[in-house]
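K.L.:
quick one, structure for this:
(chains A, B, C and D)
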2 protein chains.
Amino acid sequence: MVTSNELTITDVAKASGVSVSTVSRILNGKQDVAKATREHVLQVIDELGYAPHAQAQSLRAGKTRNLGLLFPLKDPGNVPYNSLDIEFIVSAAAAAEKQNFFFSLLTASVTEQSLLNLYRSAQIDGLVLMQVYSEDWRVDLLRKNGYPFVMIGHTENNEGLSFIDLDFKGAVIAAFEHLIRQGYRQIAFISLPNKMRQEGYGPALRTWEGYQRIIEQYHIPAIYREVNFGRQEAFDATLALLDEVHDLSAIITTHADGALSIIQALNERGMRIPDDCSVIALTANRMAELTTPTLTNLDFPAHDMGDRAVDMLLRMLRNELTEPEQVLIPPKLILRNSTNL
Amino acid sequence: MVTSNELTITDVAKASGVSVSTVSRILNGKQDVAKATREHVLQVIDELGYAPHAQAQSLRAGKTRNLGLLFPLKDPGNVPYNSLDIEFIVSAAAAAEKQNFFFSLLTASVTEQSLLNLYRSAQIDGLVLMQVYSEDWRVDLLRKNGYPFVMIGHTENNEGLSFIDLDFKGAVIAAFEHLIRQGYRQIAFISLPNKMRQEGYGPALRTWEGYQRIIEQYHIPAIYREVNFGRQEAFDATLALLDEVHDLSAIITTHADGALSIIQALNERGMRIPDDCSVIALTANRMAELTTPTLTNLDFPAHDMGDRAVDMLLRMLRNELTEPEQVLIPPKLILRNSTNL
DNA sequence: TTGAAAGCGATACCAC
DNA sequence: GTGGTATCGCTTTCAA
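P.N.:
Alright, predicted model coming up:
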């Protein structure tokens, strides 16, 4: 096997006694090449172990064949990952690769400058945005500049934008209605940090809206805590709720992995799940199946969402998306052992 | 704000009335430029919103400033992620970005061709390899071709190679010795699939070696199951063990998230942890803190490992690594509530 | 069916 | 201190 490096199309041309143009045509599968020439050159390419220089091709083509996923880490080193994140990331990566795109994971927090420069400096053709806020300067900026991107999440004004998101409001409503229908009324809501809601973080905002709607419509008592990320926070909040509301009979949470801490707290107080207290979480199915007891959860098809987001973006780049595609996934409750019936 | 696209260095040169060379010098921070010129050009660049074309720079420089992480998915769509994987991925991405490298997540399974082509086609400067086998054709191939890479994991013959890995053998030994020292003898070992060991998957192999060593040295009964990934598998294996060994007093597992299923199974049988049965797992600290009860675990500093692997690779690319760097992280047992004392 | 040459956007050498 | 120009590897007219 020949192991030499740094082969160029010129080397291939020389080695096969044809011109560079001809080699290029063959590489690009053009049809106007004599069969014999093609076969010969392909064999030379194979023997030499030549592969075309991707960056040179990109430069020439004016496209990078690179996608980016913005996954900003607020505090690298101590990251509030949850079990959903890896599904988004890996599924998006796989989807991009399937269509021969490179996929870059971008974890640094972006500035207006650095965001625009991703496109201007031709590092990427398009972007998947996560952690989208209701008013999101990144979205405004990209829209204004006409740069291609899709969101996992959505903003207040989504005119002209493509996205895929879970119906968070509907999800919370579905969870509550399930319990209310069974006669539960003392239901606590453990939700995302108040700060995130104030800042307009989509899921924080919309789960809250769902909760308000439930409170008003069914006149159940407003028992809730908006808690920060972290095991201890969810744990403490649960204990505090149990102290405060002695006849608490269920907890619904939008903290993906916080459900685990809630279970810990209930155990700590000797409360049996679901007999003394039911639990419903908005978390990955994978995680919901691993807890003891298994969790009744709102389906969160993160894998599917990542996959579809990238697919959407690629169609956009190919101009196959004549109008914006906006997908809101309806809530789906999956019953397991943390609730009765 | 000017939002025009597709600006080139020539546009900047024209707009500021200097030559392309001068703009290039300024972009690259060379010192032989008049202060006035520099300031003027920088201002023009700012006004125009110009950013140099990364691919063109790469082409010229002969370097891509791209790193790749190989994270092959055997069965996309139904992926056996565990809580460690995201830490590897995200920490590696963050480390690359910190040094201004793009970071690509590669989930497709590679062939000899496609692996070499990553380098030949100049898509990446270097690679981080995960899921390394004791005999690993990828490693052999890259070594033979002299392509830069580092491993998270290691092979049988690591001559000339750089890697960072956990001391899996030592970890298993540490876990057993901890229990044996306290008088436990009926300890079950729930380990990685036999198939992976046969295939020479590093962690499967070395945890097994650790176990053999313990069996021989302490003459404890060989109670073990090599189980496939998946909730059900670990769950069933645990139940089977409990049926088989009535005085089972502890379980040690190398299945990162399998510990959760083991807990489920013990609960199912009404066994209290740790009083009736202790559990020690080789899993992420983050996960160990979330279970009920919290898990005594072998520290698995995945975040740190991803970070250091990329750092190693970047030093290699800068030729700062005069000789191979081989890091084996010593085992560290973190006591929590799934064991006594 | 094939080849020569221009050009993608940037850098660096060599003049001046 | 500054500008002209060859060059990185490839694709694509345009001619032959």
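
K.L.:
the helix or strand of chain A with the lowest mean pLDDT: what's the following helix or strand?
P.N.:
Sorting the helices and strands of chain A by mean pLDDT, DSSP states H and E puts helix A:285-288 at the bottom, at a mean of 90. With elements assigned by DSSP states H and E, the helix or strand that comes after helix A:285-288 is strand A:296-298.

K.L.:
for DNA strand C, see how far away the residue nearest the centre of chain A is.
P.N.:
The C-alpha lying nearest the average C-alpha coordinate of chain A belongs to A:F88 (C-alpha atoms, centre = their mean; 3.7 Å). For A:F88, the distance to DNA strand C equals 32 Å [C-beta to the nearest atom of the strand, to the nearest Å]. (C-beta placed from N, C-alpha, C; glycine too.)

K.L.:
can you classify that residue as helix, strand or coil?
P.N.:
Following DSSP: H, G, I helix; E, B strand; the rest coil, we place A:F88 in the helix state.

K.L.:
sticking with the nearest residue to it once chain neighbours are set aside, tell me its helix or strand.
P.N.:
Sequence neighbours aside, A:G306 is the residue nearest to A:F88 in space, at 4.3 Å (criterion: C-beta to C-beta, 6 or more residues apart in numbering or on different chains). In this structure, A:G306 sits in helix A:302-317 according to DSSP H and E.

K.L.:
how about the least confident helix or strand of chain A: buried residues?
P.N.:
Buried residues in helix A:285-288, counted by 16 or more other C-beta atoms under 10 Å in any protein chain shown: A:N285, A:R286, A:M287, A:A288.

K.L.:
surely the residue nearest to the centre of chain A and A:A302 touch.
P.N.:
Yes. Using C-beta atoms under 8 Å, A:F88 is in contact with A:A302, at 5.1 Å.

K.L.:
can you give the domain ranges for chain A?
P.N.:
Per the record, chain A has its domains at A:9-52, A:60-166+A:303-329, A:168-300, by automatic domain parsing.

K.L.:
any chance of the ones you listed in CSV, plus distance to DNA strand D?
P.N.:
Below are the domains of chain A laid out as CSV (distance: least, C-beta to the nearest atom of the strand, whole Å):
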stretch, distance to DNA strand D
domain A:9-52, 3
domain A:60-166+A:303-329, 4
domain A:168-300, 40
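
K.L.:
okay if I get those as CSV plus distance to B:G202?
P.N.:
Output for those, formatted as CSV (distance: least, C-beta to C-beta, whole Å):
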stretch, distance to B:G202
domain A:9-52, 29
domain A:60-166+A:303-329, 21
domain A:168-300, 25
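
K.L.:
of those, which approaches B:L317 most closely?
P.N.:
Proximity to B:L317 (C-beta to C-beta) singles out domain A:60-166+A:303-329 among the domains of chain A, at 17.4 Å.

K.L.:
chain center to the closest one: distance?
P.N.:
Taking C-alpha atoms, centre = their mean, to the nearest Å, one finds the center of domain A:60-166+A:303-329 at 9 Å from the center of the full chain.

K.L.:
and the helices in the stretch 51-200 of chain A?
P.N.:
A:54-61, A:85-98, A:112-120, A:137-145, A:168-181, A:194-198 (DSSP state H, counting those that start in this stretch).

K.L.:
may I have stretch A:146-161 as CSV, with CA atoms only?
P.N.:
C-alpha atoms of stretch A:146-161 as CSV (Å, rounded to 0.1, in the frame of the first residue of the first chain):
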residue,chain,number,x,y,z
GLY,A,146,-30.4,36.2,6.0
TYR,A,147,-28.2,33.4,7.2
PRO,A,148,-29.6,29.9,7.2
PHE,A,149,-30.4,28.4,10.5
VAL,A,150,-33.1,26.3,12.2
MET,A,151,-34.1,26.3,15.9
ILE,A,152,-34.7,23.5,18.3
GLY,A,153,-37.1,25.7,20.2
HIS,A,154,-38.8,28.9,19.0
THR,A,155,-39.2,32.6,19.6
GLU,A,156,-42.1,34.9,20.1
ASN,A,157,-42.2,36.0,16.5
ASN,A,158,-41.3,33.2,14.2
GLU,A,159,-42.2,34.7,11.0
GLY,A,160,-40.0,33.3,8.2
LEU,A,161,-38.2,31.0,10.6
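
K.L.:
so which residues on chain A come close to DNA strand C?
P.N.:
For chain A, the residues found near DNA strand C under the criterion C-beta under 7 Å from any atom of the strand are A:17-22, A:25, A:32-34, A:36-38, A:56, A:59-60, A:62.

K.L.:
what number of residues lie near the residue of the stretch 201-341 of chain A found nearest DNA strand C?
P.N.:
Taking C-beta to the nearest atom of the strand as the measure, the stretch 201-341 of chain A has A:L317 as its residue closest to DNA strand C, at 17.6 Å. Neighbours of A:L317 under the rule other C-beta atoms under 10 Å in any protein chain shown: 17.

K.L.:
what do you get for the one 5 residues further on?
P.N.:
Other residues within reach of A:T322 by the criterion other C-beta under 10 Å amount to 7.

K.L.:
which element is it on?
P.N.:
Using DSSP H and E, no helix or strand contains A:T322.

K.L.:
can you check the pLDDT for it?
P.N.:
The model reports A:T322 with a pLDDT of 91.

K.L.:
from A:V227, how far off is A:L192?
P.N.:
8 Å (C-beta to C-beta, to the nearest Å).

K.L.:
shared neighbours, those two?
P.N.:
Counting by C-beta atoms under 8 Å, 6 or more residues apart in numbering or on different chains, the contacts common to A:L192 and A:V227 are A:H255.

K.L.:
my guess is A:A13 contacts A:S19. True?
P.N.:
Yes. Counting by C-beta under 8 Å, A:S19 is a contact partner of A:A13 at 5.8 Å.

K.L.:
more neighbours: which of those two?
P.N.:
A:A13 (18 against 12).

K.L.:
now do the contacts for that one.
P.N.:
A:S19, A:V20, A:T22, A:V23.

K.L.:
pLDDT score for the residue of the stretch 51-200 of chain A found nearest DNA strand C?
P.N.:
In the stretch 51-200 of chain A, the residue that lies nearest DNA strand C is A:R60 (3.9 Å; C-beta to the nearest atom of the strand). In this model, A:R60 is scored at 94, pLDDT.
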